[in-house]
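> My questions concern the predicted model and sequence given below.
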Amino acid sequence: MNQELEIIANRLMQASTPEEVFGEIKARYDEMLFVLQKNYRAIAKIAHPDMYHTKQEQLLAQTTFTLLTDWLGKAREKIKAGEYGKRVDSSKTILRTRKREYSVEGSYVQERIFNLYPCSFIEDGRVHQSVLKIIREWHDNNLAENETRALRTLSRGRDAEQFSPYIPNLIDAFVYEGAGADRQAIVLEKYDGWYSLEDVYKAYPAGIDPKDMAWMWRRLLVALGFSHANKILHGAVLPRNVWILPQEHGLMLVNWYSAVFDPLTIGQRIQAIASDDAGWYPQEVVRGEIPSFGTDIHMSAKCMVWLLGGDPQRKVLPESVPTPLKAFLKGCILPDRRAPQNAWNLKEEFDELLGRLWGKRKFHPFSMK
């Protein structure tokens, strides 16, 4: 076995950064890629499989050359992003998957069944901020797998290009091999400036203006219409899972781990309804009956009643809410199978009601207090 090849193979297999492979590059930015390529060629002369004749050496050289090519790509990305040669923050952990490597911060927050970590990765010559979600308990791995499947299906589904802003961008999904049992992990794009409907309620405890509720519900019905057209029931349309971007009137439906696929055909039940969430669901679904697309619509209407300062359980709304709007919302909080089943049709009916109430639609500015 060629000793020089063995040394390079061990070096590449044990490396944790491109700098450990190609060394320090002392050059101006516009010259760094040239120096990198020079360093790469020097190693490639030794690692290329065509340099060897025995099968054992060729196999090792092929593995080494593949690693070298991967490290070259990572080095180029770091140079383009201005990150090559920078000292790695000791408080961060480097996590590698088949797709890329992530720099993960040690601090995290708990969100129901997940731990959420800030993280970043380099791609297309820049640093991208993201969020790493790791299942806290291994026995909930199926819920993370469910979310991954839902987001992947929607990102490739019917009209995905038009409606992708309504769902989180799934960057990666993999098994995290930490201490103890393996756990499912998801990496999502990080979104700044967004607020959940829980945040909105805290800012407006007496209730928001019905015209603000109108644009929020219209967009939520669009998100549900897109999801349902792709035969996916969200399964947890709760205030914490509906995010808005106030000034731009953006809306996103997050946390898809309770999603149900093709509920009208398969007959799957919603997984893991927490006791403190039970009041938001149709009671027959809480009792274990098969949900329908009306389940999502029922829950979305309850969110709007709550935001208006009403009581979604008692179906009571403030006097400030126009009577036709009260009746419309109450009609959507019927038992699961009696609730409206088509989000697109409901949105059209809602638009007609808004036209009768307030005339031609106008942009209604909204801000968090």
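That came through fine. Residues are numbered from 1 along each chain as shown.

> Let me see the ranges of the strands in the stretch 51-200 of the chain.
Under the criterion DSSP state E, counting those that start in this stretch, the stretch 51-200 of the chain contains strands at 92-96, 101-105, 109-111, 114-123, 126-135, 170-176, 183-189, 195-196.

> looking at the ones you listed, which is buried most?
strand 183-189 (a mean of 22; mean count of other CB atoms under 10 Å). Where C-beta positions appear, they are placed from N, C-alpha and C, glycine not excepted.

> For that one, which strands pair with it and how are they oriented?
strand 126-135 (antiparallel), strand 170-176 (antiparallel) (DSSP bridges).

> where do the helices sit along the stretch 151-300 of the chain?
Along the stretch 151-300 of the chain, counting by DSSP state H, counting those that start in this stretch, helices occupy 160-163, 197-203, 210-229, 263-266, 283-286, 293-307.

> any weak-confidence spans in the stretch 101-250 of the chain?
178-180 (pLDDT under 70).

> if you set the cut-off to 80 instead, what comes out?
106, 125, 178-180 (pLDDT under 80).

> what about the strands in the stretch 251-369 of the chain?
Counting by DSSP E, counting those that start in this stretch, the strands of the stretch 251-369 of the chain are 260-261.

> on that earlier part again, which one of the helices of the stretch 151-300 of the chain is the most hemmed in?
Among the helices of the stretch 151-300 of the chain, helix 293-307 has the highest mean neighbour count (mean count of other CB under 10 Å), at a mean of 25.

> Render the CA-only coordinates of that helix in CSV, please.
Coordinates of each C-alpha in helix 293-307 appear next as CSV, following Å, rounded to 0.1, in the frame of the first residue of the first chain:
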residue,chain,number,x,y,z
PHE,A,293,-61.1,18.9,5.9
GLY,A,294,-63.8,20.7,7.9
THR,A,295,-61.6,20.0,11.0
ASP,A,296,-59.1,22.6,9.8
ILE,A,297,-61.8,25.1,8.8
HIS,A,298,-63.6,24.6,12.2
MET,A,299,-60.3,25.3,14.1
SER,A,300,-59.4,28.3,11.8
ALA,A,301,-62.8,29.9,12.6
LYS,A,302,-62.2,29.4,16.3
CYS,A,303,-58.9,31.2,16.0
MET,A,304,-60.6,34.2,14.4
VAL,A,305,-63.4,34.3,17.1
TRP,A,306,-60.6,34.3,19.7
LEU,A,307,-58.7,37.1,18.0
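
> Count the neighbours of Trp138 for me.
Neighbour count for Trp138, taken as other CB atoms under 10 Å: 12.

> Serialize the helices of the stretch 151-300 of the chain to a markdown table and add fields for distance to Arg314.
A markdown table is the format used below for the helices of the stretch 151-300 of the chain (distance: least, CB to CB, whole Å):
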| stretch | distance to Arg314 |
| --- | --- |
| helix 160-163 | 34 |
| helix 197-203 | 17 |
| helix 210-229 | 18 |
| helix 263-266 | 28 |
| helix 283-286 | 14 |
| helix 293-307 | 10 |
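
> Tell me which of the ones you listed sits nearest to Glu145.
Evaluated over the helices of the stretch 151-300 of the chain, closeness to Glu145 peaks at helix 263-266, with 16.1 Å, by CB to CB.
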